[in-house]
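In: Fold the following and give me the result.
(one chain, ligands or ions: 1)
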Amino acid sequence: MRARAGKVIDYTPLVDEALSRAEFKVPQVLLIDRQLAPERLQASYLVAYEPLREKFFDAHVPCEWLESNEPSYTLYTSGTTGKPKGVQRDVGGYAVALAASMEHIFQGAPGDTMFTASDIGWVVGHSYIIYAPLIAGLTTVMYEGTPIRPDGGIWWRLVEQYKINLMFTAPTAIRVLRKQDASLMEKYDLSSLRTLFLAGEPLDEPTAQWVQSALKKPVIDNYWQTETGWPMIAIPRGIEELPSKLGSPGVPSMGFNLTLRNEVTGDVCAAGEKGVVALDYPLPPGCMQTVWRDDQRFVDTYWQSVPDQLLYSTFDWGVQDEDGYVSILGRTDDVINVAGHRLGTREIEEALSSHPAVAEVAVVGIADAVKGQAAAAFVVLRDPDRINAPGASEGLQAELCHAVDSQLGAIARPARVCFVSMLPKTRSGKLLRRAIAALAEGRDPGELPTIEDPSALMQVREALGGQ
Ligand code: AMP
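Out: Next comes the predicted model:
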């Protein structure tokens, strides 16, 4: 049971379903009862947290020594197929990389306090709420909840209360805070705070400038992926002192042989030339070892973008300036970034297609003022008359959103669901996602490849309210 933005979310049905699907018998489920809806906590398998906490509060847990290449964990991430990939990480390399990053990127020293405001289930949470600060001898502050509850000052109150030195979050959170009363930030003593780090999505200039002037502290962007486990582009500290440049997360981090490559020839791009952000073999410590139980998928997904060359593709476009600073220009594939979370449009399409009313669907990313991007879905129904009755369209939209929520989580829920009678495709049957996204954002779709039926684009335009 958990409250998110004031709404109680019942986790027990999710646990029930996971248990029923699990191939192994789960001996016990530990549940923290936050007293939000005690009457719902009936399941017989649950073990109460409080008495256990009392019992083991000061317990000393000995280290379990592992060979450094043992897997430490798998984190599932989106790609262009509907099937998420299990990013497998090792033990030794990851620990070394995180310790080095604390010193040479985040400038955290033993005794400091770090507050990473992220979801513990995502890579930023794994690396910088848990492992990195603890490995490097810092105190870590874990906070469960959004930045605006009970009010927009909660994070700054935490900084004052726990004398936080380093903060790390995503630009989306700052865009949310920007809409709050600015005096909430001034109310608290932020003198302990040295730096705010941001990552996970492009940091736009207005957001960077606003938070920098409101906090009067340096705000530093860094760029990485679930696959790399720690920043591959950042502003290094302690090795060489470089200034930050607005619009760029910095330069390639130590250990990353990162270059921009021409997407066809694989040649290294000249300064100022747009290319795919790629990494040379071998990847540095901390990066993924393979796709969990699927080495072939690891090779096929990441290492085959450029013929005859062993290059890891990030699937991000970038450009490097004369001084070596890289700017990220967006994805090369059909992956969108919603509030710092990477989602495959195909995954959302598959979740929507699981609803029996859906014949065909296209999901595209559209610009969103707070979340960076949001998903918009264009749905062709098996029976178009189904939405003729009053309220039927809204009812079906809610059912479709529920299908996405239950399969992928609320973060993937489309911001818009539009019904159309056909989708714009090329003669060879390829969906014109970029053209749909352009229309959905009110942009000119530009030059189009030969389109099967041009009226399909008109329909998309009409479904969007004739924009
Ligand atoms: P995830 O694996 O969920 O962390 O998502 C990684 C993706 O987020 C990258 O491939 C980029 O597309 C995007 N991303 C992460 N950090 C940044 C950043 N600092 N600037 C621009 N894009 C970013």
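In: for Phe106, what are its contacts?
Out: Met114, Tyr128, Ala132, Leu166, Phe168, Thr195, Phe197, Arg237 (C-beta atoms under 8 Å, 6 or more residues apart in numbering). Where C-beta positions appear, they are placed from N, C-alpha and C, glycine not excepted.
In: repeat that for 7 Å
Out: Leu166, Phe197 (C-beta atoms under 7 Å, 6 or more residues apart in numbering).
In: The ligand contacts on the chain?
Out: By the rule C-beta under 6 Å from any ligand atom, the part of the chain lying against the ligand is 77, 123, 199-203, 221-226, 249, 314, 316, 328, 331, 337, 341-342.
In: switch to 5 Å and redo it
Out: Proximity of the chain to the ligand is confined to Ala199, Gly200, Pro202, Asp221, Tyr223, Gln225, Thr226, Pro249, Asp316, Ile328, Arg342 under the rule C-beta under 5 Å from any ligand atom.
In: Which members of those are the farthest-apart pair?
Out: Largest separation among these by C-beta to C-beta: Asp221 and Thr226, giving 17.7 Å.
In: Neighbour count for these two, which is higher?
Out: Counted by other C-beta atoms under 10 Å, Asp221 and Thr226 do not tie: Asp221 has more neighbours, with 25 against 20.
In: list the contacts for that one?
Out: Counted by C-beta under 7 Å, 6+ apart, Asp221 has contacts Leu198, Ala199, Leu203, Pro249.
In: State the phi and psi torsions of the last one.
Out: As for Pro249, its main-chain torsions (degrees, to the nearest 10) stand at phi -70, psi -10.
In: Tell me the pLDDT of it.
Out: What the model reports as pLDDT for Pro249 is 98.
In: Next: Asp294.
Out: Value listed for Asp294 in the pLDDT field: 96.
In: Count residues in the vicinity of it, would you?
Out: Around Asp294 there are 15 residues (other C-beta under 10 Å).
In: quick one: the helices in the stretch 201-350 of the chain?
Out: Using DSSP state H, counting those that start in this stretch, the helices of the stretch 201-350 of the chain run over 205-215, 295-302, 345-353.
In: Format those helices as TSV; extra columns: distance to Leu190 and mean neighbour count.
Out: What follows is the helices of the stretch 201-350 of the chain, written out as TSV (distance: least, C-beta to C-beta, whole Å; neighbours: other C-beta atoms under 10 Å):
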stretch	distance to Leu190	mean neighbour count
helix 205-215	7	16
helix 295-302	41	15
helix 345-353	39	23
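In: where in the stretch 301-450 of the chain is pLDDT low?
Out: 449 (pLDDT under 70).
In: scratch that, the stretch 1-150 of the chain is what I was asking about
Out: In the stretch 1-150 of the chain (pLDDT under 70), the answer is 1-6, 38-45.
In: Tell me which stretches of it form strands.
Out: 2-4, 7-9, 29-31, 46-48, 73-77, 85-89, 113-116, 139-141 (DSSP state E, counting those that start in this stretch).
In: Off-centre distance for whichever strand or helix holds Val176?
Out: Using DSSP states H and E, Val176 sits within helix 171-178. Centroid displacement of helix 171-178 relative to its chain, using C-alpha atoms, centre = their mean, to the nearest Å, is 15 Å.
In: Tell me which other helices or strands that helix touches.
Out: In terms of contacts (3 or more C-beta pairs under 7 Å, 6 or more residues apart in numbering; DSSP states H and E), helix 171-178 is packed against helix 205-215.
In: For the helix it packs on, enumerate the helices and strands it packs against.
Out: Right, helix 205-215 is packed against helix 171-178, strand 219-222 by 3+ C-beta pairs under 7 Å, 6+ apart.
In: mind giving me JSON lines with those and columns for distance to Ala374 and mean pLDDT?
Out: Converted to JSON lines, those look like this (distance: least, C-beta to C-beta, whole Å; pLDDT from 0 to 100):
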{"stretch": "helix 171-178", "distance to Ala374": "11", "mean pLDDT": "93"}
{"stretch": "strand 219-222", "distance to Ala374": "22", "mean pLDDT": "97"}
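In: ok, the spatially closest residue to Ala182 that is not a sequence neighbour to the ligand distance?
Out: Nearest non-adjacent residue to Ala182, counting by C-beta to C-beta, 6 or more residues apart in numbering: Ala214, 6.2 Å away. Counting by C-beta to the nearest ligand atom, to the nearest Å, the separation of Ala214 from the ligand is 20 Å.
In: Thr140 now?
Out: Noted for Thr140: a distance of 19 Å to the ligand, by C-beta to the nearest ligand atom.
In: sorry, back to before: hang on, the residue nearest to Ala182 packs against Ser183?
Out: No - judged on C-beta atoms under 7 Å, Ala214 makes no contact with Ser183 at a distance of 10.4 Å.
In: Look up how far the ligand lies from the residue nearest to Tyr128 when sequence neighbours are not counted.
Out: The spatially closest residue to Tyr128, leaving aside those adjacent along the chain, is Thr116, at 4.3 Å (C-beta to C-beta, 6+ apart). Separation of Thr116 from the ligand (C-beta to the nearest ligand atom) stands at 13 Å.
In: and if you look at Leu193?
Out: Distance from Leu193 to the ligand, counting by C-beta to the nearest ligand atom: 20 Å.
In: Look at that residue and say how many residues are nearby.
Out: Neighbours of Leu193 using other C-beta under 10 Å come to 22.
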